[in-house]
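1. Sequence first, then the predicted structure:
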Amino acid sequence: MARAIWNGKVIAESEKTVTADGNVYFPESSLKREHFRPSTTTSLDPAKGQARYMSLLIDGEDNPDAAWYYPDPKPVARKIKGYVAFWRGVDVVEP
């Protein structure tokens, strides 16, 4: 079971992760939603499409734009549709 951990809390865990470009993507359904906040940040990846971000808030500490996902990825990246990846200090632990 892979886990994403930030600020001492498990924010996602799943046995069905997807790896793309060195990032581990977790199914959206595996997120511990109470720790996530929407963000207005977006970015464009020429191969994958437009990414949207979410921020984390745990025990009063904010981690802006620590999670990203592609709501409508380009065909080459369709395997990550419905999945979320992490950065900015989020530790991903795989079995």
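-> Alright, I've got the coordinates.

2. Now do the strands in this protein.
-> 2-6, 9-14, 18-20, 23-27, 36-45, 49-58, 61-69, 83-86, 91-93 (DSSP state E).

3. And the second one, what's buried?
-> Which is strand 9-14. Buried residues in strand 9-14, counted by 16 or more other CB atoms under 10 Å: 11, 12, 13, 14. Glycine gets a C-beta too; all of them are placed from N, C-alpha and C.

4. Who are the packing partners of that strand?
-> strand 2-6, strand 23-27, strand 49-58, strand 83-86 (3 or more CB pairs under 8 Å, 6 or more residues apart in numbering; DSSP states H and E).

5. Next, the angle strand 9-14 makes with the longest one.
-> Think strand 49-58. 140 degrees (axes from the mean of the first three to the mean of the last three CA atoms, to 10 degrees).

6. Show me the contact partners of strand 49-58.
-> 6-9, 11, 35-39, 41-45, 62-74, 77, 84, 90 (CB atoms under 8 Å, 6 or more residues apart in numbering).

7. 7 Å - rerun?
-> 6-7, 9, 11, 35-39, 41-45, 62-74, 77 (CB atoms under 7 Å, 6 or more residues apart in numbering).

8. now residue 27: how far from residue 60?
-> Residue 27 sits 28 Å away from residue 60, going by CB to CB, to the nearest Å.

9. In terms of packing, which of those two has more residues around it?
-> Legend: neighbour count by other CB atoms under 10 Å for residue 27 and residue 60, higher for residue 27 (15 against 6).

10. Cool, thanks, talk later.
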